[in-house]
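Trainee: next input, structure requested:
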Amino acid sequence: MPPLSDLPRAIALDGVSNLRDLGGWPVAGGRVRFGRVFRAAALAGMTAADTERFAALGIRTVCDLRGRQESAAAPSPPDALRGVRTHALSIEPSVGASLRDILATREATGADAHDLMRQAYVAYALEWSHRYRTLFDLLLDPAGTPLLFHCSAGKDRTGFGAALILTVLGATRETVMADYLATRRHWRGDAEMAASLPEAAAAALLGVAPELLDAAFATIEGEYGSFGRFATERLGLDPARVERLRAALVAPEQ
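Mentor: Sure thing, here's the model as predicted:
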């Protein structure tokens with residue numbers, strides 16, 4: 001296994017950023033197996049050369065967490081996903097609509113944007129957990145992996161999904177956060193959005209803030225008392241299913 005300093009293992013594509021393997025991260029009893037679960041930003045920009053590299057990953061299932069309009073505006077290239085099962089697990093972005101309301105009356109500040117992002121993360125946990133439940137169902141399907149899940153930037157909806165997977169597998173909060181913050185190194189950003197917003201608001205929306213993920217997990221613990229209860233009630237992960245997931249995705253310590 002590679003040292004933790006070499007994680008996450010990124011896959012370089014010309015038209016897709018923030019594509020990386022969840023493999024190698026330490027979890028209870030071992031490490032996540034390489035080549036089973038991948039996370040990424042949107043796949044719309046894939047080139048012909050990217051298609052070949054992508055095919056080499058052997059991905060069977062792609063889960064798109066983007067909202068319906070986002071997916072329609074930047075569809076994943078069908079040639080690149082030929083033979084891959086695709087699932088629209090749409091998590092509609094509420095931040096953009098709220099931000100437009102703010103911009104219509106005044107200039108959005110960094111605090112405004114940060115508060116909107118915090119609300120979005122709480123919603124991922126409480127309002128959109130059924131989408132993540134389906135993601136886990138697909139991970140538990142023997143024909144479902146290797147599986148890739150993505151949103152637009154691969155940092156928020158995808159970042160929360162990765163945090164859920166690692167936590168269910170028994171990763172420490174430190175490990176979960178290390179994967180979450182790796183987006184700072186692997187996402188190329190959104191220059192168009194950055195240019196269209198006040199600088200402070202753009203920095204908050206396009207940044208990767210640990211306190212947002214902390215807010216989501218604090219909400220889970222506050223509402224359910226423990227992550228385990230949340231996983232059982234909202235993600236459909238009773239102990240037997242968790243053990244099945246671990247058997248499929250965790251390489252035991254030697």
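Trainee: where does pLDDT dip in the protein?
Mentor: Screening the chain residue by residue with the criterion pLDDT under 70, one finds the ranges 1-3, 96-106.
Trainee: longest helix anywhere in it?
Mentor: Using DSSP state H to define each element, the chain has its longest helix at helix 110-126.
Trainee: if we go by neighbour counts, what in it is buried?
Mentor: Judged by neighbour count (16 or more other CB atoms under 10 Å), helix 110-126 contains these buried residues: 110, 112-114, 116-118, 120-125. All C-beta atoms are positioned from the backbone trio N, CA, C, and that covers glycine.
Trainee: Serialize those to TSV and add fields for distance to Ala12.
Mentor: Below are these laid out as TSV (distance: CB to CB, whole Å):
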residue	distance to Ala12
Gly110	32
Asp112	35
Ala113	30
His114	31
Leu116	32
Met117	28
Arg118	32
Ala120	29
Tyr121	29
Val122	34
Ala123	32
Tyr124	28
Ala125	32
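Trainee: re earlier: using CSV, write out every CA atom in the longest helix of the chain.
Mentor: Extracted in CSV, the C-alpha atoms of helix 110-126 (Å, rounded to 0.1, in the frame of the first residue of the first chain):
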residue,chain,number,x,y,z
GLY,A,110,-18.4,35.7,1.4
ALA,A,111,-20.5,35.3,4.6
ASP,A,112,-23.7,35.0,2.4
ALA,A,113,-22.2,32.4,0.2
HIS,A,114,-20.7,30.4,3.1
ASP,A,115,-24.1,30.4,4.8
LEU,A,116,-25.8,29.1,1.7
MET,A,117,-23.2,26.4,1.3
ARG,A,118,-23.7,25.3,4.9
GLN,A,119,-27.4,25.1,4.3
ALA,A,120,-26.7,23.0,1.2
TYR,A,121,-24.6,20.5,3.2
VAL,A,122,-27.2,20.1,5.8
ALA,A,123,-29.7,19.4,3.1
TYR,A,124,-27.5,16.7,1.6
ALA,A,125,-27.8,14.9,4.9
LEU,A,126,-31.5,15.5,5.7
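Trainee: what's the helix or strand for the closest residue to Leu13 other than its chain neighbours?
Mentor: When the adjacent residues along the chain are set aside, Leu13 lies closest to Asp50, with 4.3 Å between them (CB to CB, 6 or more residues apart in numbering). In this assignment (DSSP states H and E), Asp50 forms part of helix 48-56.
Trainee: which residues does that helix contact?
Mentor: Contacting residues not belonging to helix 48-56 are listed as Ile11, Ala12, Leu13, Asp14, Gly15, Val16, Leu43, Met46, Pro77, Asp79, Ala80 [CB atoms under 8 Å, 6 or more residues apart in numbering].
Trainee: also stretch 131-139?
Mentor: Contacts to stretch 131-139, defined as CB under 8 Å, 6+ apart, come from residues 37, 61, 63, 65, 87, 89-91, 124, 144-145, 147, 149, 160-161, 164-165, 168, 234-237, 241, 245, 248-249.
Trainee: where do the helices sit along the stretch 51-200 of the chain?
Mentor: 68-73, 95-105, 110-126, 129-140, 157-168, 173-181, 183-186, 191-196, 199-206 (DSSP state H, counting those that start in this stretch).
Trainee: just those: most buried one?
Mentor: Between the helices of the stretch 51-200 of the chain, helix 157-168 has the highest mean count of neighbours, a mean of 25, where neighbours are mean count of other CB atoms under 10 Å.
Trainee: contacting residues around the closest residue to Thr86 other than its chain neighbours?
Mentor: Excluding its sequence neighbours, the residue lying closest to Thr86 (CB to CB, 6+ apart) is Val62, at 4.9 Å. Listed by CB under 8 Å, 6+ apart, the contact set of Val62 reads Leu43, Ser76, Leu81, Val84, Arg85, Thr86, His87, Leu147, Leu148, Phe149, His150.
Trainee: now do the residue lying closest to Gly110 once chain neighbours are set aside against Gly23, distance only.
Mentor: Nearest residue to Gly110 in three dimensions, chain neighbours excluded: Ala200, at 3.5 Å (CB to CB, 6+ apart). Ala200 sits 37 Å away from Gly23, going by CB to CB, to the nearest Å.
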